[in-house]
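In: next come a sequence and a model predicted from it.
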Amino acid sequence: MSGMIVSMFSSSSRLCSSCSSSPSSSRTRRHRAHERTLTSRRVTVVVSSSSFVKTNNDSPTSTKRVLVLGGTGYVGAAVVNALTQKSSKIISRVTSVSRRGGTSTNDVTCIPADATDPSTTRRILSEAREDGEPFDAVIHCVGMLLASDLNALASGSGSKPDEGATYDAVTRQSAVAAMDAAAELCTPSEKDGKVPFAFVSAAEAGWQENSNPLVPEWLEDYLRAKRAVERALASNDQIRSVVVRPSLVYSPDRLASLPAVGAFTVANKIGIPGIDKPVLVDDVAAALVDSVLYGEGEPDSVLRYEAIEQRASRWRERM
């Protein structure tokens, strides 16, 4: 029913394999500023977001710094994993932000912080800019399906919201604050002068508001917050927005979700209104990453399941 609904059929979490505790922030900054990797076949010199990798055939590869909010969630973890895959043209330096924190690796810096706090993204982006290494893009994967402890069962990451958490605070306020900070503090693309910002919405956000009396109030609140973020992104001319609208998101290893996946697939196939085809979580992640890293010059986009699968295929062709 939404980008998080797959979790209703499984309580196990899919965490980023690189994340389990936090590094020293000062040590991380010094490391980022002086990182050098030397091999007999390739020399990597990372000094800023516009640095390049020289390969043995002298083909330049750009390096992009990407901030993932909610990087240990169900979709967020898949996004982090996709970003660490090495394509032929762009290498990503990833920072994952979530309350779970994490252990940093050569590919991922994990920061334990509340990504729903509107001040969190601004602080991280501001510190990076002060260090001379501003970020190039932001991917917002923060979400909450149920505003109660039942979210631990409904969420693919098994997370529980804070007491008193609301859809407006978790989704709209965090995303709009992150968007504003990104527009001000990230490095805009040289091609279109905009900052890539991706947001995980829901297929049902495309429904007409208050059009179905059978839709429960909590779901209307959930979708209202998603729609508000989409409108804010569309109205910001400093942002190149990428909005994915998945319905049921799944992965083959979650056997408990497969009956629902089959039901949604059949319902979509026979044309039942309002039911989108389920999408693989890895396809959602690949579509987000491809759009953010390789979408310079493209217009703002809202991707439903067909476009998600197309972008995912485009991403894999680059590997």
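Out: The structure has been received and is ready for your questions.
In: what about Val66, helix or strand, and which?
Out: Per DSSP states H and E: Val66 is located in strand 60-69.
In: my bad, Ala260
Out: helix 258-269.
In: any buried residues in that helix, and which?
Out: For helix 258-269, burial by neighbour count (16 or more other CB atoms under 10 Å) applies to Ala260, Val261, Phe264, Ala267, Asn268. (C-beta placed from N, C-alpha, C; glycine too.)
In: related to what we said a few turns ago, helices and strands around the strand holding Val66, which ones?
Out: Under the contact criterion of 3 or more CB pairs under 8 Å, 6 or more residues apart in numbering; DSSP states H and E, strand 60-69 touches strand 52-54, helix 74-83, strand 90-98, helix 118-130, strand 137-140, helix 281-294.
In: how close does Leu145 sit to Leu125?
Out: Distance of Leu145 to Leu125, given as CB to CB, to the nearest Å: 27 Å.
In: neighbour count winner among those two?
Out: Leu145 (25 against 21; other CB atoms under 10 Å).
In: and the pLDDT at Glu220?
Out: The model reports Glu220 with a pLDDT of 91.
In: equivalent analysis for the one 5 residues further on, please.
Out: What the model reports as pLDDT for Ala225 is 96.
In: contacts for whichever strand or helix holds it next, please.
Out: Remark: Ala225 resides in helix 217-235, with elements defined by DSSP H and E. Residues outside helix 217-235 that contact it (CB atoms under 8 Å, 6 or more residues apart in numbering) are 1-2, 140, 145-147, 166-168, 170-172, 175-176, 179, 197, 199, 201-202, 204-205, 207, 209-210, 239, 241, 243, 300, 302.
In: the same query, at a cut-off of 6 Å, please.
Out: Helix 217-235 is contacted from outside by 167-168, 171-172, 175-176, 199, 201-202, 204-205, 239, 241, 243, using CB atoms under 6 Å, 6 or more residues apart in numbering.
In: just the residues you listed now: which is nearest Arg254?
Out: Ala202 (18.7 Å; CB to CB).
In: so what pLDDT did that closest one get?
Out: 95.
In: quick check: the gap between it and Asp237.
Out: 25 Å.
In: so between the two, which is more surrounded?
Out: Higher neighbour count among Ala202 and Asp237: Ala202, with 29 against 10, using other CB under 10 Å.
In: separation between the more buried one and Ile90?
Out: For Ala202 relative to Ile90 (CB to CB), the value is 28 Å.
In: the helix holding Ala260 - contacts with which helices or strands?
Out: Using 3 or more CB pairs under 6 Å, 6 or more residues apart in numbering; DSSP states H and E, no helix or strand is in contact with helix 258-269.
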